[in-house]
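> kindly generate the corresponding structure for this input.
(2 chains)
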2 protein chains.
Amino acid sequence: MTTPRRIKIKNRPNPDNVLVVGSVAYDSISTPHSFGEKILGGSASYACLAASYFTTPHIVGVVGHDFRERDRKKLAKRGIDLSGLRTDETGRTFFWKGRYHENFNRRDTEDLQLNVFERFNPQLTEEQKLTPYVMLGNIRPDLQLAVLDQLESPKFVLADTIDIWIETKRELLSQVMRRADLVVINDTESAKLTGETNVILAGRHLRAHSCRTVIIKKGEHGAVLFHEDGLFTLPAYPVTELRDPTGAGDSFAGALLGYIAATGMSDFATLKQGMIYATAVASLTVEDFSTDRLAKAGCSEIKARRKEILKMTKS
Amino acid sequence: MTTPRRIKIKNRPNPDNVLVVGSVAYDSISTPHSFGEKILGGSASYACLAASYFTTPHIVGVVGHDFRERDRKKLAKRGIDLSGLRTDETGRTFFWKGRYHENFNRRDTEDLQLNVFERFNPQLTEEQKLTPYVMLGNIRPDLQLAVLDQLESPKFVLADTIDIWIETKRELLSQVMRRADLVVINDTESAKLTGETNVILAGRHLRAHSCRTVIIKKGEHGAVLFHEDGLFTLPAYPVTELRDPTGAGDSFAGALLGYIAATGMSDFATLKQGMIYATAVASLTVEDFSTDRLAKAGCSEIKARRKEILKMTKS
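Numbers count the residues shown, from 1 in each chain, chains lettered A, B, ... in the order given. Next up is the predicted model:
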């Protein structure tokens, strides 16, 4: 198979790989205007496809006997290494059914079946343990810790989480956050974690108590990076064709980590540039159901959006 | 009286004046943490104080027999020309009582007494008619039009409005918007005007149908400029001591127009720079009740915040 097109980083023809541990799922999604039935989803799917524009992602996850060959091909086509995607023949793939309401600013879970994901217990191969760049998707914090324990001197670990773990596994989650190099969460999650609805206060609180560096995502209002070298605010890409916001955050995180791996750097300036690419990539995800737009977009579209973001933020 | 300190613009030692037509009010405000009783408010008060950091504002408004000498002095101290602030001895000053709820993202009007403002009918003097830079505060659109009709070839007119005129005087308001050089509104108002909750779509719609240039303010999420030369997004200043959001929008508009008058320019690049100053000034307003912080802040604080905004948006 030929390597899919990637965004080239100067003087880095052979970027380091990234490992993405997370869910691979089937989603059934209703929006005010449309719906998608049993479509490819899950944090690892989105993150890997996003990262694939910068480097080779290695997925670690589990699917059931119902996982379709065409979805496997969709991931493989973007150069994602699927050797860590285990098939558990005893059950079905993780399933989520959700409904977005008017303006997409609220969503309800209508059905959730963990299925084979309930027994997910990531065991890394010797090769995977050596991967320098690692994304811990929003899986249970004890599993995130188990992955961290298996890694051999990773260069950079990005951790995500989700409301339910803040509510039910706070202490374990804190351990993950302290050990990660970068925590990427949304404003609802940062408010739940800190009790601060003011994003600036929440970010400072997290830096002071829980993690080195944090990015708080604000959906259509962009994202804020809290770093020891300063604050960086970035608006969202001006999306006007919002169809399905599912996976935007995972795409953002995956693209950001992919960029970090591709440059081999993770200083303040690199994180800023990575956030701009990540914003561009996430904006593609929300313009169609599932991973369709993300998988097909192409480098030139990402680069064009990056340019647009640079232009509209230049003072 | 000595001229109060102003932010100096290179090669423009004697900036053009601005005329601000709007309300001067007494507000009684409750917030989740505190309250202010019968404190100086009104769109013209905030806008003039904000503009006073860049040029000489001339206020056009009306107050009642209860207007306090100390409030008059507060405005005069910042070099605001009060000759156009008429005192109507037959009644009391416009009064608004409001309550902000948790997180300040909702407010209720608990009392509203137009008092002498009900009979406000701005009549400009010959000198005022010649003022090159004009802000039409959020007064009734027919009064805004009456002011526009009295002006003699203004260089730049900034118009603001408020929900009630969108609901009750839409046709007259449209005329104002078409005749203004710049319309500055918030995202609730842009949604009401266009039926679009997506800020990008709302801004484009307004530019296509209603006005040349528009800025949509998003409160803590910053502001977006829609201009024929492009889009410009700016975050809010990272305020962590929010005490009273009243007047933030008026301060933003006043500072922006003050900067335009001070530079004598109103192209895309100037508007961007003006928005950064306006964001800095508005952030001061919300850190205390009424105009207290705004009136006392000083140029160095504004310049420091401008620098911070530049830094946190630099990619």
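
> quick one, strands of the stretch 201-315 of chain A?
Ranges of strands in the stretch 201-315 of chain A, per DSSP state E, counting those that start in this stretch, are A:214-217, A:223-227, A:230-234.

> to B:H58, which of those strands lies closest?
strand A:230-234 (35.6 Å; Cβ to Cβ). Any C-beta I mention is one placed from the backbone N, CA and C, and that applies to glycine too.

> direction included, what does the closest one pair up with?
strand A:223-227 (antiparallel) (DSSP bridges).

> CA atoms only: put the partner strand into PDB for me.
C-alpha atoms of strand A:223-227 as PDB (Å, rounded to 0.1, in the frame of the first residue of the first chain):
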ATOM      1  CA  ALA A 223      -9.800  27.000  22.400                       C
ATOM      2  CA  VAL A 224      -7.400  28.300  25.000                       C
ATOM      3  CA  LEU A 225      -3.900  27.000  25.700                       C
ATOM      4  CA  PHE A 226      -2.600  27.400  29.300                       C
ATOM      5  CA  HIS A 227       1.200  26.900  29.200                       C
END
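
> which parts of the stretch 51-200 of chain A sit against chain B?
A:103, A:197-200 (Cβ under 8 Å from any Cβ of the partner chain).

> switch to 7 Å and redo it
Selection of the stretch 51-200 of chain A residues close to chain B by Cβ under 7 Å from any Cβ of the partner chain yields A:103, A:197-198, A:200.

> out of these, list just those in helices.
Using DSSP state H, A:I200 are the members of those that sit in helices.

> out of the residues of the stretch 51-200 of chain A next to chain B, which are buried?
A:197-198, A:200 (16 or more other Cβ atoms under 10 Å in any protein chain shown).

> which stretches of the stretch 51-200 of chain A form helices?
A:69-77, A:126-129, A:141-150, A:163-168, A:170-179, A:187-194, A:199-209 (DSSP state H, counting those that start in this stretch).

> just name the most buried of those helices.
Highest mean neighbour count of these: helix A:187-194, a mean of 20 (counted as mean count of other Cβ atoms under 10 Å in any protein chain shown).

> hmm, back to that, okay if I get the buried ones among the residues of the stretch 51-200 of chain A next to chain B as a markdown table plus distance to A:E127 and pLDDT?
Formatted as a markdown table, those follow (distance: Cβ to Cβ, whole Å; pLDDT from 0 to 100):
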| residue | distance to A:E127 | pLDDT |
| --- | --- | --- |
| A:T197 | 43 | 91 |
| A:N198 | 44 | 93 |
| A:I200 | 41 | 96 |
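
> out of those residues, which comes closest to B:G64?
A:N198 (37.4 Å).

> which parts of the stretch 201-315 of chain A sit against chain B?
Residues of the stretch 201-315 of chain A lying near chain B by Cβ under 7 Å from any Cβ: A:201, A:218, A:221, A:230-233, A:235, A:238, A:240, A:272-273, A:276, A:310-313, A:315.

> show the buried residues in those residues.
Buried members of those, counted by 16+ other Cβ under 10 Å: A:201, A:218, A:221, A:231-233, A:235, A:238, A:272-273, A:276, A:312-313.

> ok, A:I39 - contacts?
A:26-27, A:29, A:289-290 (Cβ atoms under 7 Å, 6 or more residues apart in numbering or on different chains).

> swap in 10 Å and give it another go.
The contact partners of A:I39, taken as Cβ atoms under 10 Å, 6 or more residues apart in numbering or on different chains, are A:25-29, A:71, A:244, A:246, A:289-292.

> can you tell me the residue of the stretch 1-150 of chain A closest to chain B?
Closest residue of the stretch 1-150 of chain A to chain B, Cβ to the nearest Cβ: A:N103 (5.2 Å).

> which residue is the nearest non-sequential neighbour of that residue?
With Cβ to Cβ, 6 or more residues apart in numbering or on different chains as the criterion, A:N103 has its nearest non-adjacent residue at 5.2 Å, and that residue is B:T197.

> wait, the one you found sits on A:T240?
No: counting by Cβ atoms under 10 Å, B:T197 stays clear of A:T240, with 11.8 Å between them.

> I figured the residue of the stretch 1-150 of chain A closest to chain B was touching A:P32, is that so?
Yes: judged on Cβ under 10 Å, A:N103 makes contact with A:P32 at a distance of 8.1 Å.

> any idea of the angle the longest helix seen in chain A forms with strand A:230-234?
As assigned by DSSP H, the longest helix anywhere in chain A is helix A:268-285. On the basis of axes from the mean of the first three to the mean of the last three Cα atoms, to 10 degrees, helix A:268-285 is oriented at 20 degrees to strand A:230-234.

> packing partners of helix A:268-285?
helix A:43-51, strand A:182-186, strand A:214-217, strand A:223-227, strand A:230-234, helix A:248-263, helix A:292-296, helix A:299-313 (3 or more Cβ pairs under 10 Å, 6 or more residues apart in numbering or on different chains; DSSP states H and E).

> adding mean pLDDT and distance to B:A262, write those out as JSON lines.
Below are these laid out as JSON lines (pLDDT from 0 to 100; distance: least, Cβ to Cβ, whole Å):
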{"stretch": "helix A:43-51", "mean pLDDT": "98", "distance to B:A262": "45"}
{"stretch": "strand A:182-186", "mean pLDDT": "97", "distance to B:A262": "40"}
{"stretch": "strand A:214-217", "mean pLDDT": "98", "distance to B:A262": "35"}
{"stretch": "strand A:223-227", "mean pLDDT": "98", "distance to B:A262": "31"}
{"stretch": "strand A:230-234", "mean pLDDT": "97", "distance to B:A262": "26"}
{"stretch": "helix A:248-263", "mean pLDDT": "97", "distance to B:A262": "40"}
{"stretch": "helix A:292-296", "mean pLDDT": "92", "distance to B:A262": "46"}
{"stretch": "helix A:299-313", "mean pLDDT": "97", "distance to B:A262": "24"}
